[in-house]
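Trainee: Below is the sequence, then the predicted model.
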Amino acid sequence: MTLLATQDLTKDFGGLRAVDGVDLRVEEGEIHGIIGPNGAGKTTLFNLITGYLKPTRGKIQFHGRRIDGQPPHRVVTLGIARTFQIVRPFTELSVLENVLVAWGHRHYYGLGPLKPFGSAKKAAIEILEFVGLAQKRDLPASALPIGLQRRLEIARALALEPELMLLDEPAAGLTEEEIAGLKGLVREIVAGGVTVTLVEHRMTFVMDICQVITVLDRGRVIAEGTPAQVASDPQVIEAYLGAGSGGDDA
Amino acid sequence: MPIGYVLTVSTFTGIFMILTLSLNILTGYAKQVSLGHAAFFGIGAYASAILTVKFGLSFWAALPCVVAITTLVGVFLGLPSLRVSHDFLVLSTIGLNFIVGSVFKYSSFFGGSMGIVGVPTPELFGHTLGTPGYFGLTYTFVILAILTSFYFSKTWARLAMEAFGEDETAAKAMGINVAKFKIYAFAISSAYAGIAGALWAHYVGSVFPDNFGFDRSIDILAMLVLGGMGTIRGAVLGAFLLQVLPEALRVIQDYRMLVSGGILALMILFQPMGLLGRGSLLYRGFQTLRERLGRRAEGAI
């Protein structure tokens, strides 16, 4: 079943078309990768889906219901959680409190905010155990190394109890060992019934973990398919090699 | 030292403790730095003065109205925070302080620069409260403010405020309606300040525009920063120190602004968490000491 679908999704920044007529379909239960050279529009696509940006044109549907135009905090309550390319933990709060802030999505309306959060600690600790951070729960989030901060971001996203989780470059800055751990974690999350869509630059990671890959270049979808199909697609090879080996001028 | 003097100083100190606890919610938790907090204080004082002097209400009947008025004004004056943040918010709160002060000063309804005099002393069980009685009344409210602040610090609302106070983008991704919680912070903070204002007006017996100027706002912020932003213990200690020290050292009183401003600058530069704030030198020291004593106690068993 299709969980998320975009139709003709387009975003202009002044004269620049960052996302150009993208039709994306994310099926329930899959790990869907989005790759492309720098500046291909991957993060912009995430920002559109999660309500941080309003599309210039096009539709976004979640469970068949339109969600474009909804503010970010509403998109979260509909069941879409995200992480950020550059980690954004609440550094002054403890690791546990960071997860509690996310767990609070159940309480941030009506008179809910005036209720104490203490009773949710158990649930938050369980999530921290799941990602392997339970031992560090009382540390300030700023004290965690980058690899664990990424895990904390995933823990917060899990605490939002989403159906769809959007991970923006979850492997960036991680060691090979940490990436192996991350793979296991993402697979466990999907086994738990959450659909995952991720943007990533680390090719081995994407090829290894994703069932479906969408390739963007200059805001357009240039290929879609299984990792094997995408890897042998001449247009994809062209986009990656043709834009200069780093592709970072795009 | 005459007891009446001690009670008077303590009563004013108590009023400032409530004010600092009020600012702690807005600036300590929600990180909305306000340099116009005296405006909320003044609005509470004027509201209670007008309701009792012009409309003949008793202190007790006026108090719920004062809380309602200051909460609503808090919502209204909080609206600029939805458009501007950080340095610009600080500037706009200073502006608000001057606007509110001008309204008091130039509007005849608020008594102009002559202020409002003859604000009645509250009665309790048919007796007009004397200095000791008013001291008791004030500290009843101080204790209430501490208890409600403590409760508030355990609620989802505080977590939401701390979250967006540090990073609005990330807070939105946690399902937090940042605009709504900013307004909540202003409203709750303003309600506390309103109670402090009412206590002030009925203790002093008069209200003048100059009581609630920009210099007062600096005092309140200096108290919170000195004690430790984002903590109840810090708010209470800061108000105590900056109210009692000038009394103990009369010399300081002539240089009150210099002391408040100087403390604000020095603390921000060298110890931004304040004396008792999270991670401050003193507080970390206390924690280490407590752990050591705890370990020794365990060893003894």
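Mentor: Thanks, I have it. Residues are numbered from 1 along each chain as shown, chains lettered A, B, ... in the order given.
Trainee: Quick one: list the elements packing against the least confident helix or strand in chain B by mean pLDDT.
Mentor: Sorting the helices and strands of chain B by mean pLDDT, DSSP states H and E puts helix B:250-254 at the bottom, at a mean of 72. If you count contacts as 3 or more CB pairs under 8 Å, 6 or more residues apart in numbering or on different chains; DSSP states H and E, helix B:250-254 packs onto helix B:232-248. The C-beta positions use only the backbone N, C-alpha and C, and glycine is treated the same way.
Trainee: about what we covered before: other residues contacting the least confident helix or strand of chain B?
Mentor: Identification of contacts with helix B:250-254 by CB atoms under 8 Å, 6 or more residues apart in numbering or on different chains yields B:245, B:246, B:247, B:259.
Trainee: what about burial for those residues, which qualify?
Mentor: For these, a burial check counting by 16 or more other CB atoms under 10 Å in any protein chain shown picks out B:246, B:247, B:259.
Trainee: Can you tell me which of those is nearest chain A?
Mentor: residue B:259 (28.3 Å; CB to the nearest CB).
Trainee: quick one: that closest one and residue B:246 touch, right?
Mentor: Yes. If you go by CB atoms under 8 Å, residue B:259 and residue B:246 touch, sitting 7.1 Å apart.
Trainee: Please name the residues that touch the residue in the stretch 201-301 of chain B that chain A sits nearest to.
Mentor: Per CB to the nearest CB, residue B:278 is where the stretch 201-301 of chain B lies closest to chain A, at 7.2 Å. By CB under 8 Å, 6+ apart, residue B:278 lies in contact with A:92, B:228, B:230, B:231.
Trainee: In contact with the last one: list those residues for me.
Mentor: In other words, residue B:231. B:24, B:28, B:274, B:276, B:277, B:278.
Trainee: From the chain's centroid, how far away is the longest helix along chain A?
Mentor: Using DSSP state H, we find that the single longest helix of chain A is helix A:176-191. Helix A:176-191 sits 14 Å away from the centroid of its parent chain (CA atoms, centre = their mean, to the nearest Å).
Trainee: Check stretch B:76-92 too.
Mentor: 18 Å.
Trainee: List the buried residues for it?
Mentor: B:77, B:78, B:80, B:81, B:89, B:90, B:92.
Trainee: ok, and which of these reach chain A?
Mentor: When CB under 8 Å from any CB of the partner chain is applied, no member of the buried residues of stretch B:76-92 is adjacent to chain A.
Trainee: mind listing which of the residues you listed are in helices?
Mentor: Using DSSP H, the buried residues of stretch B:76-92 in helices are B:77, B:78, B:80, B:81, B:89, B:90, B:92.
Trainee: Any stretches of the chain with poor pLDDT?
Mentor: Answering for chain A, as no chain was given. A:241-250 (pLDDT under 70).
Trainee: not quite, I wanted chain B
Mentor: In chain B (pLDDT under 70), the answer is B:298-301.
Trainee: Nearest residue to residue B:232 in space, ignoring adjacent ones along the chain?
Mentor: residue B:149 (5.0 Å; CB to CB, 6 or more residues apart in numbering or on different chains).
Trainee: Contact partners for the one you found?
Mentor: Contact analysis of residue B:149 by CB under 8 Å, 6+ apart lists B:21, B:24, B:25, B:232, B:235.
Trainee: again, but for residue A:31
Mentor: A:186, A:187, A:190, A:195, A:196, A:197, A:198, A:209, A:210, A:211, A:212.
Trainee: same thing with residue A:224?
Mentor: Neighbouring residues of residue A:224 by CB under 8 Å, 6+ apart: A:212, A:213, A:214, A:215, A:230.
Trainee: Please repeat the previous calculation with a cut-off of 6 Å.
Mentor: Neighbouring residues of residue A:224 by CB atoms under 6 Å, 6 or more residues apart in numbering or on different chains: residue A:214.
Trainee: Report how many residues lie close to residue B:166.
Mentor: Residues near residue B:166, counting by other CB atoms under 10 Å in any protein chain shown, number 18.
Trainee: give the contact list for the residue in chain B that chain A sits nearest to.
Mentor: Across chain B, no residue is closer to chain A than residue B:175, which sits at 3.3 Å (CB to the nearest CB). Going by CB under 6 Å, 6+ apart, residue B:175 touches A:73, A:76, A:77, A:105, A:108.
Trainee: ok, the residue lying closest to the third one once chain neighbours are set aside to residue A:218 distance?
Mentor: Counting by CB to CB, 6+ apart, residue A:77 lies nearest to residue B:175, which is 5.6 Å off, once chain neighbours are set aside. For residue B:175, the distance to residue A:218 equals 33 Å [CB to CB, to the nearest Å].
Trainee: and the gap between residue B:75 and residue B:182?
Mentor: Counting by CB to CB - residue B:75 and residue B:182 are separated by 10 Å.
Trainee: what do you get for residue B:13?
Mentor: Distance from residue B:13 to residue B:182, by CB to CB: 30 Å.
Trainee: Comparing the two, which residue is more hemmed in?
Mentor: Shown here are residue B:13 and residue B:182; by other CB under 10 Å, residue B:182 has more neighbours (23 against 20).
Trainee: The more buried one contacts residue B:83, correct?
Mentor: No. At 10.6 Å, residue B:182 does not count as touching residue B:83 under the criterion of CB atoms under 6 Å.
Trainee: Which residue ranges of chain A form helices?
Mentor: Secondary structure of chain A (DSSP H): helices located at A:42-49, A:72-78, A:95-103, A:121-131, A:146-159, A:176-191, A:203-209, A:227-231, A:234-242.
Trainee: what's the angle between the third one and helix A:121-131?
Mentor: If you take axes from the mean of the first three to the mean of the last three CA atoms, to 10 degrees, helix A:95-103 sits at 110 degrees to helix A:121-131.
Trainee: could you dump helix A:95-103 to PDB, C-alpha only?
Mentor: The C-alpha coordinates for helix A:95-103 follow below in PDB (Å, rounded to 0.1, in the frame of the first residue of the first chain):
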ATOM      1  CA  VAL A  95      19.400  12.700  26.800                       C
ATOM      2  CA  LEU A  96      16.300  11.400  28.500                       C
ATOM      3  CA  GLU A  97      14.600  14.800  28.400                       C
ATOM      4  CA  ASN A  98      15.400  15.000  24.600                       C
ATOM      5  CA  VAL A  99      13.300  11.900  24.100                       C
ATOM      6  CA  LEU A 100      10.600  13.100  26.500                       C
ATOM      7  CA  VAL A 101      10.200  16.300  24.400                       C
ATOM      8  CA  ALA A 102       9.300  14.100  21.500                       C
ATOM      9  CA  TRP A 103       7.100  11.800  23.500                       C
END
